[in-house]
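> Predicted model and sequence below, questions to follow.
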Amino acid sequence: MHAGLLVEDLEVAARFYEGILGLQRAQRPELGFDGIFYHLDDGGQIHLMRLDNPYQGCDLPEHGGRDRHLALGVDDLHALQGLLADAGIAYTMSRSGRAALFCRDPDGNAIELIQL
């Protein structure tokens with residue numbers, strides 16, 4: 001799996017993906033635009049891309065589960081809730097009753113975090 005996400009500021013985005021989600025940067029080939037790769041434990045990748053966002057200014061649903069989103073498994077959802085709260089990042093719990101929550105990265109990309 002490979003997911004590409006548009007971001008405005010790579011360092012701001014990196015603080016979220018590295019500082020909150022705990023991802024580690026991976027080597028990235030030269031692609032003609034700025035970006036960051038993260039390898040995931042399941043062999044997938046997240047690619048943050050510093051490109052113009054054609055969706056800038058669009059209304060987004062409050063609950064990320066009603067928007068296009070990336071789902072990631074986490075070992076300790078409760079601890080992650082504390083990190084999000086400490087960072088002032090809003091989230092909503094899954095409406096299905098599963099141990100999962102939805103938040104948005106600094107660029108508004110919806111992320112689902114599911115307790116493994």
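Sure, I can see it.

> Run through the bridge partners of residue 4.
When assigned by DSSP bridges, residue 4 has beta-bridge partners residue 47.

> I figured it was touching residue 47, is that so?
Yes: if you go by C-beta atoms under 8 Å, residue 4 and residue 47 touch, sitting 4.6 Å apart. C-betas here are computed from N, CA, C, even on glycine.

> between those two, who's got more neighbours?
Neighbour count, other C-beta atoms under 10 Å: between residue 4 and residue 47, residue 47 has more, with 15 against 12.

> Strands along this structure, start to end?
Per DSSP state E, the chain carries strands over the ranges 2-6, 25-26, 35-39, 45-49, 69-74, 91-93, 100-104, 110-115.

> Can I get the ones you listed in CSV including distance to residue 84?
Listed next are the strands of the chain as CSV, based on distance: least, C-beta to C-beta, whole Å:
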stretch, distance to residue 84
strand 2-6, 18
strand 25-26, 21
strand 35-39, 18
strand 45-49, 18
strand 69-74, 11
strand 91-93, 5
strand 100-104, 6
strand 110-115, 9
